[in-house]
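Enquirer: sequence and predicted structure below; questions after.
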Amino acid sequence: MAKANKSAEVADMSIADKLKALYDLQLVDTAIDKIRILRGELPLEVEDLEDEIEGLQTRVSKFDDDVENLEKSINSKKRNPVHTGACCG
């Protein structure tokens, strides 16, 4: 009986109302498609961000190593100054 009522309601709708309902349905369907596409791309986005983080951590580690090596070099040169013999005096 519910199906008969639904059919009667649809038959009573004007063409403009049917077109409006169809348009609204298409908008909802388009929004759902966009969500599905975004949801499908999300794992790739996360993987890309994880790779970027790993690369940045590697760069930071290399910079830290460079700073440590430069500090060692500076300290060793401070302890053992080089005399060129071209000193004044």
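Expert: Cool, got the structure. What you see is a predicted model, and the numbers here were worked out from it, not measured in a lab.
Enquirer: could you use CA atoms for every contact and neighbour count after this?
Expert: Will do.
Enquirer: ok now the longest helix seen in the chain, how far from the chain's centre?
Expert: Across the chain, the helix with the greatest residue count (assigned by DSSP state H) is helix 15-79. Helix 15-79 sits 2 Å away from the centroid of its parent chain (C-alpha atoms, centre = their mean, to the nearest Å).
Enquirer: average pLDDT for that helix?
Expert: Mean per-residue pLDDT for helix 15-79: 94.
Enquirer: mind giving me the packing neighbours of that helix?
Expert: With contacts defined as 3 or more C-alpha pairs under 8 Å, 6 or more residues apart in numbering; DSSP states H and E, helix 15-79 has no helix or strand neighbours.
Enquirer: if we go to 10 Å?
Expert: Counting contacts by 3 or more C-alpha pairs under 10 Å, 6 or more residues apart in numbering; DSSP states H and E, helix 15-79 packs against helix 2-12.
Enquirer: pLDDT averaged over the helix it packs on - what is it?
Expert: 69.
Enquirer: where's T30 relative to L22, distance?
Expert: If you measure T30 against L22 using C-alpha to C-alpha, to the nearest Å, the figure is 12 Å.
Enquirer: no, scratch that, I was asking about S61
Expert: Distance, S61 to L22, using C-alpha to C-alpha: 58 Å.
Enquirer: do the same with N69
Expert: Distance, N69 to L22, by C-alpha to C-alpha: 70 Å.
Enquirer: L42 too?
Expert: Computed as C-alpha to C-alpha, the L42 to L22 distance reads 30 Å.
Enquirer: next: L49.
Expert: L49 is 40 Å from L22, by C-alpha to C-alpha.
Enquirer: how about L70?
Expert: Taking C-alpha to C-alpha as the measure, L70 and L22 are separated by 70 Å.
Enquirer: and what of I35?
Expert: Using C-alpha to C-alpha, one obtains 20 Å as the distance from I35 to L22.
Enquirer: phi and psi next, for M13.
Expert: Taking degrees, to the nearest 10, you get phi -70, psi 140 for the backbone angles of M13.
Enquirer: could you check how many residues crowd around it?
Expert: Using other C-alpha atoms under 10 Å, M13 has 11 neighbouring residues.
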